[in-house]
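Undergrad: Have a look at this prediction, sequence included:
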Amino acid sequence: MGGSVKDVESKEELDNVVRQGAPVILHFWASWCEASKHMDQVFSHLSTDFPHAVFFRVEAEEQPVISEAYSVSAVPYFVFFKAKRSKTMGETKHVRSLPMITISLRLSPGTMI
């Protein structure tokens, strides 16, 4: 599934993918948010650089069940799963989040920063 960004359709779909154990990166976004649009471009490039990972976009306001599950309070917001463990990175930290995700994707399975 790697190499592209997919819009997540439901919490069940997301949970099923996370259970499979591959790295999963969620990008919570909103159509009105300029920063989300910029992060979309970066996110797309990352999906090409790390085809072993699953990259999902979640429109925060359209998917309230998922947004509430991860306490999303602002966009862009990221949640990173590796070895079925999650780490949230968001709000004002989003500029620093993606480098941390890329480092973690390069580390051995199960290693999380």
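TA: Nice, I can see it. Numbers count the residues shown, from 1 in each chain.
Undergrad: Surely A35 and A74 touch.
TA: No: using Cβ atoms under 8 Å, A35 is not in contact with A74, being 9.5 Å away. No exception for glycine: its C-beta is placed from N, CA and C like everyone else's.
Undergrad: and the longest helix out of those in the chain, what does it pack onto?
TA: As assigned by DSSP state H, the longest helix anywhere in the chain is helix 34-49. Secondary structure elements in contact with helix 34-49, counted by 3 or more Cβ pairs under 8 Å, 6 or more residues apart in numbering; DSSP states H and E, are strand 5-7, strand 24-29, strand 54-59, helix 94-106.
Undergrad: Would you single out the least confident of the ones you listed?
TA: Of all the helices and strands packed on helix 34-49, mean pLDDT reaches its minimum on helix 94-106 (a mean of 58).
Undergrad: in the sheet, who's paired with the residue positioned nearest the centre of the chain?
TA: Residue closest to the mean C-alpha point of the chain, counted by Cα atoms, centre = their mean, is L26 at 1.8 Å. Beta-bridge pairing of L26 under DSSP bridges involves F56, V79.
Undergrad: what's it in contact with, if anything?
TA: 8, 14, 56-58, 66, 70, 78-81 (Cβ atoms under 8 Å, 6 or more residues apart in numbering).
Undergrad: how many other residues sit next to A35?
TA: 14 (other Cβ atoms under 10 Å).
Undergrad: Oh, that last question was meant for A30, not what I typed.
TA: Neighbours around A30, by other Cβ under 10 Å: 18.
Undergrad: I am finished for the moment; much appreciated.
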